[in-house]
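Student: Could you work out the structure for the sequence below:
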Amino acid sequence: MAEARKPLISGNWKMHHNHFEALQTVQKLSYLLDSEDHDAVDVSVHPPFTDLRTVQTAIETDRMEIILGAQHCHWEEKGAFTGEVAPPMLAKLNVAYVIVGHSERRELFGETDDQVNRKVKAVLAQAMTPILCVGETLEEREAGRTEDKVAGQVRAGLAGVSAEAVAGMVVAYEPIWAIGTGRTASAADAQAVCALVRSTVGELAGAEAAGAVRAQYGGSVKPANAAELMAEADIDGALVGGASLDPEDFAAIVRYRRAS
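Tutor: Reported below is the predicted structural model:
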């Protein structure tokens, strides 16, 4: 079933690029990619909120095959939540993917498993696709708790979600110790945890959902290691941080198949 899963390479721009820089970045990225790339790989970019309308307009006006994504949202449709953005607001901008439960949201802003689950359901309710992030700290890995932590986050994030909805989702394994550090999990380690993600999905939602859900790896993904990671059976894409800010680097990751 792995052959049926089209890889998804997502660029998480985090708190980088004003809307002028965002426009230049997406335009250059579009220029660097061709129809063969888009036939083989889905490509999404996740700009800051202030850039979304600019990037949406560029994608639609120039008929780019790049998919628009967001980095975060609240779980309520509206309300007195100063500074937050509601899922329907993103849907109105034709956002297709929303990152949910990124480790920086969990670690820096205190997002709980329950909140992450509510966001997953809120994103699905607006016909968008959540990219559910899971991953362990260095201390948890060294203590042998990787499987417990990751499987627990998968179970909590998908609690109460239908098997059909789970099948269409993306789960991104990002070891916290590898995000922005230059350290990368070995391809074998990344494969082992992505296989764990898939088996946990199978326990929750059945074999069909496990075979269909896409598992990304994230954590210092670069042009030099993308092909090795993507060669693994249960890795269906990458959630790219720093390297996605440079259109040439990000395009090289998208084009991992062409690496010599």
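
Student: pretty sure residue 86 contacts residue 76?
Tutor: Yes - here residue 86 lies in contact with residue 76, judged by C-beta atoms under 8 Å, at a distance of 6.3 Å. C-beta here means a position set from N, CA and C on the backbone, and glycine is covered the same way.

Student: So for those two, which residue has more residues nearby?
Tutor: Neighbours were counted for residue 86 and for residue 76 using other C-beta atoms under 10 Å; residue 86 has more, 18 against 15.

Student: Can you tell me the closest non-neighbouring residue to residue 27?
Tutor: Leaving aside its sequence neighbours, residue 27 sits nearest to residue 58 (C-beta to C-beta, 6 or more residues apart in numbering; 6.3 Å).

Student: what's near enough to touch that neighbour?
Tutor: 23, 26-27, 64 (C-beta atoms under 8 Å, 6 or more residues apart in numbering).

Student: Tell me which helix or strand it sits in.
Tutor: Assigned by DSSP states H and E, residue 58 falls within helix 52-61.

Student: Could you list the buried residues of that helix?
Tutor: 52, 54-56, 58-59 (16 or more other C-beta atoms under 10 Å).

Student: need the strands for the stretch 51-200 of the chain, in chain order.
Tutor: Applying DSSP state E, counting those that start in this stretch to the stretch 51-200 of the chain gives strands spanning 67-70, 97-100, 129-134, 170-173.

Student: Could you report the neighbour count for the nearest residue to residue 53 once chain neighbours are set aside?
Tutor: The spatial neighbour of residue 53 that comes closest, neighbours along the chain excluded (C-beta to C-beta, 6+ apart), is residue 93 at 6.2 Å. Residues lying near residue 93 (other C-beta under 10 Å) number 14.

Student: Look at residue 93 and report its pLDDT.
Tutor: Confidence at residue 93, expressed as pLDDT, is 98.

Student: Show me which residues of the helix or strand of the chain with the lowest mean pLDDT are buried.
Tutor: None of the helices or strands of the chain scores lower by mean pLDDT, DSSP states H and E than helix 138-142, at a mean of 90. Buried residues in helix 138-142, counted by 16+ other C-beta under 10 Å: 140-141.

Student: Relative to residue 202, how far out is the residue lying farthest from the centre of the chain?
Tutor: In the chain, residue 80 marks the outermost C-alpha relative to the chain mean, sitting 28.0 Å out by C-alpha atoms, centre = their mean. Distance of residue 80 to residue 202, computed by C-beta to C-beta, to the nearest Å: 40 Å.

Student: on that earlier part again, and of the buried residues of helix 52-61, the nearest to residue 241?
Tutor: Nearest to residue 241 among those is residue 55, at 17.4 Å by C-beta to C-beta.

Student: who's in contact with the residue nearest to residue 118 when sequence neighbours are not counted?
Tutor: Spatial nearest neighbour of residue 118, excluding adjacent residues (C-beta to C-beta, 6+ apart): residue 75 at 3.8 Å. Residues near residue 75 by C-beta under 8 Å, 6+ apart: 87, 115, 118-119, 121-122.

Student: quick one, helices of the stretch 151-260 of the chain?
Tutor: Shown for the stretch 151-260 of the chain, the helices assigned by DSSP state H, counting those that start in this stretch span residues 163-167, 187-205, 207-212, 223-230, 247-254.

Student: Having no further points to raise, I will conclude here.
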